[in-house]
Each structure stands twice: as structure tokens, then as C-alpha cells.
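Chemist: Return a 3D structure for these sequence lines:
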Amino acid sequence: MPVLAVIGAQWGDEGKGKIVHYLSQGADWVVRYQGGDNAGHTVVIGGQSFALHLAPSGILFTRPRNAIGNGVVVNPAALLKEVRMLEQRGIRVRGRLFVSLHAHVILPYHMALDRIREGGRGAIGTTLKGIGPCYEDKVARRGVRIADYLEPETFRALLAAALEAHKGELGRKEAARLKRETLAAYPALRRFLAPFCGDTGRIISKALSAKRRVLMESAQGAMLDLDHGTYPFVTSSNPVSGGACVGAGLPPTAIDAVLGVAKAYTTRVGLGPFPTEMPAPLAGRIREKGHEYGATTGRPRRIGWLDLPQLRSAIRVSGIGRLALTKLDTLSGMDPIRVCTAYRWRGRLLDEFPASRRAQREARPVYRDLPGFAGDLGSCRRLADLPPAARRYVRWIERELRTPAAIVSVGASHEQTFLHSEGSLWG
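Modeler: So this is what the prediction gives:
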């Protein structure tokens with residue numbers, strides 16, 4: 001029962017959607033296990049670009065079935081919009097996409113709470129999709145699950161209770177307006193959602209018993225993990241590999257291998273510490289060349305050099321056995337290429353990302369300059385095709401992290417991805 005978890009090894013936007021799509025050719029199931037429609041997985045295939053926010057990236061191939069696990073928070077309106085987009089572009093979704101009855105539902109009041117909080121002094125740079133407030137309700141035991149949403153009487157009672165709990169922050173008039181808006185849209189959304197829903201944990205368990213291949217897809221990245229990331233500038237769930245079991249309803253013994261996706265440099269969106277952030281002119285050059293703008297928000301991404309201490313932390317926490325190295329082509333023309341090998345803080349050298357908020361702010365990168373490379377890498381289909389300095393860059397990263405780069409990506413399209421190391425990725 002081979003299960004491969006694919007996680008973001010940085011601050012998200014590493015190209016997970018493309019890598020999962022690439023690997024889903026050999027998968028029977030692709031499962032999203034956390035996050036919500038704040039995720040933006042962009043896949044380019046046949047010259048067409050697809051921006052997915054809830055549907056797993058395997059939906060674009062005809063073979064795999066796809067599941068949205070219980071750890072995901074689902075906005076029914078956003079899912080309806082995405083399904084319509086896919087169907088209009090010739091992708092068959094019905095009968096191939098399953099939504100967990102245990103997943104929690106994002107409602108309009110969650111997005112309203114997000115806007116209120118992000119407009120205040122405690123802003124952390126969210127996508128305003130209501131993700132945090134929905135997870136907050138889940139933990140507070142006042143959330144609405146898909147199973148509850150499908151039962152009109154249950155849903156109406158839970159909605160009223162939740163709005164009563166939040167009326168102090170929303171205000172009575174706004175809470176009343178949100179209730180009317182939610183109930184007006186509810187019948188159509190319920191009819192749309194019902195055929196997709198099921199006990200996905202049980203469905204996937206049966207698939208594993210039948211020796212089917214399952215690909216687990218994370219949203220965001222390791223450094224946005226609620227427990228192991230740059231807290232409080234994090235998401236509200238666990239993108240690390242351990243979250244895959246909880247978020248899909250599978251035992252930890254089910255996961256056979258973990259693949260970490262990392263860019264050849266580093267980016268992050270929103271506020272929070274970012275030790276290797278580049279000066280604005282250089283960052284702007286890479287941002288434009290690499291089209292580094294958020295798939296969900298369109299916000300410009302912050303740009304930094306590759307950060308090995310950060311990657312070491314991600315590799316250790318998630319048990320990453322192999323890497324997929326993306327955006328190597330974006331560094332073409334850069335000379336030298338800087339890489340952070342450690343941090344210096346208060347007279348000490350740190351070889352992993354620190355837990356202390358102060359250390360995260362104050363630590364200074366220790367850089368090593370590597371020879372740059374030039375040329376159009378987009379036509380390369382194996383490591384031997386790369387310029388010699390690009391090959392040396394990949395191999396140097398592998399040695400420093402003691403982790404092979406199983407996949408290398410040199411462009412946005414599906415065809416610009418190739419396997420590097422030998423052996424099965426599936427464990």
C-alpha cells in the first residue's frame with residue numbers, strides 16, 4: 001500500500017501543485033489533507049494554466065481519483081466556482097472528487113472575521129479567506145462540519161449558535177446580515193455539495209487495502225506550520241508530513257515516503273521573519289523572471305536566497321527522504337548565487353531554524369557564494385543537459401542537506417520536470 005506525502009519544504013509556493021500533478025500520472029488517489037482555498041497550486045499542461053485552490057492537483061489527469069480530507073476547511077462557494085471552472089475547461093470532476101464528511105465548512109462570517117482582524121494591529125498577512133477563523137471554531141468545538149452542513153435543521157442551529165458567539169466582534173447588525181446571506185445561498189450550495197461527500201478516510205483505507213497508490217498533497221509549507229513554523233506568522237493547520245495522517249484519517253504507519261518540494265531560492269508571502277530576504281532591486285529582478293506573485297491573492301512574493309538551516313529543520317521534522325528542486329531556471333544569469341549555510345546569533349552559529357521569535361528576527365545569515373550559470377534551461381530534460389555550474393549547484397545542495405534531489409524542475413510546464421535520482425519515490 002504505497003503512500004507518498006508531498007510537502008512544501010519552505011514557506012509555501014514551492015511548486016507542489018506541479019510536482020503532485022507530475023507524480024499523479026502514477027497514482028490511483030491524490031488527497032489534500034489540510035488548508036483551504038488559501039492555497040494556490042498552479043499547474044501548466046499543454047500550454048494551459050490551471051490555478052487550483054481546493055481540488056487536488058491530480059484532478060487534471062483522468063486516472064487518479066481525488067479526495068479533500070477531513071483536515072481541510074472547505075468553502076462550498078469556492079469549491080462550486082472551482083468545479084465549474086474545471087468542467088468548463090473539459091476536466092471531468094464528478095465521480096472523481098470526494099469531500100470528507102468530517103471536514104469543516106468555511107462560512108461568510110469566517111471571512112468577515114478575517115477582514116476585521118487583518119484590519120487591526122494584530123494583522124499577520126492572511127489571504128482573507130476565513131481559514132484561521134474556521135479552524136478557530138473547529139478547536140472551540142463550535143464549527144460546522146460537512147456532515148452537519150448537509151442536514152438543514154442541524155446547520156441552521158449551529159449557524160445561529162456560532163453567530164451568537166461572535167456577535168461581540170461582528171456586531172449585531174453585521175451578524176444578522178451574514179445570517180441572511182448565508183441562509184439565502186445555502187439551498188443551492190447544499191444541493192451542489194451533497195453528491196461529492198463521503199467518508200474519505202474509509203474510502204482511502206479501502207484503496208490502500210487493495211494496494212492502490214496514494215499521493216498526499218499539502219498546502220502551504222513547513223515554515224507556515226502552526227507548531228513548527230515562524231509562529232505567529234503561520235497558517236492554522238499542519239502542512240508537515242505528520243499532518244497528513246490526521247488530515248486524511250490514516251494511521252502514521254500508512255506513509256511510506258516523504259518528498260519535500262523546495263525552490264532553488266526562497267520566497268514567502270505576507271508578514272513574518274525571513275532571514276535571507278534579498279535587497280529590493282535584486283528581489284524585483286527574480287520576482288519578475290520567476291513570476292513570483294501569489295496564485296490566490298496576486299500579492300508579490302518576498303524573495304530570498306536558498307536557506308539551508310531552514311531546510312534542515314523541515315527535513316528533520318517531516319522525515320523528508322528526497323527533494324524536488326524547482327525554479328532552477330529562474331537563477332540563470334545570476335552570478336554569484338548566494339546560499340545561507342548557517343545563522344549567526346549572539347556569538348553562536350545555528351545550523352537550523354531557531355524557535356525564539358527574537359532569534360528569528362535577529363539572526364544573520366552566513367553566506368557562501370557559488371558560481372552562477374547562464375543559458376536557457378527550459379529545454380533540459382535530464383541533469384546532464386544542464387550547464388556544468390547548474391549541475392554543481394544541485395549536487396552541492398544534495399551534499400549539504402544529505403538529501404538527494406529526486407526531481408528537478410526547469411520551467412512552469414509539466415514537460416519541464418525530470419527525475420534525477422534513481423530508485424522509487426514511493427518508498
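Chemist: helices or strands next to the worst-scoring helix or strand of the chain on mean pLDDT in the packing?
Modeler: Comparing every helix and strand of the chain by mean pLDDT, DSSP states H and E singles out strand 41-45 as the least confident one, with a mean of 74. The helices and strands touching strand 41-45, judged by 3 or more Cβ pairs under 8 Å, 6 or more residues apart in numbering; DSSP states H and E, are helix 16-23, strand 48-52. Every C-beta, even on glycine, is put in place using the N, C-alpha and C of the backbone.
Chemist: State the mean pLDDT of the longest one.
Modeler: Read that as helix 16-23. Looking at helix 16-23 alone, the average pLDDT works out to 90.
Chemist: tell me what that helix is packed against?
Modeler: Counting contacts by 3+ Cβ pairs under 8 Å, 6+ apart, helix 16-23 is packed against strand 3-8, strand 41-45, strand 214-217, strand 257-263, strand 322-326, strand 405-409, strand 417-419.
Chemist: who touches whichever helix or strand comes after it?
Modeler: With elements assigned by DSSP states H and E, the helix or strand that comes after helix 16-23 is strand 29-32. If you take Cβ atoms under 8 Å, 6 or more residues apart in numbering as the criterion, strand 29-32 is touched by 20, 24, 54-59, 64-69, 72, 200, 204, 207, 212-219, 248.
Chemist: Adjacent strands (with direction) for strand 29-32?
Modeler: If you go by DSSP bridges, strand 29-32 pairs up with strand 65-68 (parallel), strand 214-217 (parallel).
Chemist: May I see the buried residues of the first one?
Modeler: To tie it back to what came earlier, the one meant is strand 65-68. Within strand 65-68, the residues that qualify as buried by neighbour count (16 or more other Cβ atoms under 10 Å) are 65, 66, 67, 68.
Chemist: who's in contact with residue 189?
Modeler: Contacts for residue 189 (Cβ under 8 Å, 6+ apart) come out as 76, 77, 80.
Chemist: so where do the helices sit in this structure?
Modeler: 16-23, 76-88, 108-118, 131-139, 146-149, 152-170, 172-193, 200-209, 242-248, 280-290, 308-318, 357-362, 388-401 (DSSP state H).
Chemist: Please export the C-alpha coordinates of the shortest one as PDB.
Modeler: Below are the C-alpha coordinates for helix 146-149, written out as PDB (Å, rounded to 0.1, in the frame of the first residue of the first chain):
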ATOM      1  CA  ILE A 146     -19.800  18.900   6.100                       C
ATOM      2  CA  ALA A 147     -22.000  16.200   7.700                       C
ATOM      3  CA  ASP A 148     -23.700  19.000   9.700                       C
ATOM      4  CA  TYR A 149     -24.000  21.300   6.700                       C
END
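Chemist: Let me see the mean pLDDT of that helix.
Modeler: Per-residue pLDDT values over helix 146-149 give a mean of 98.
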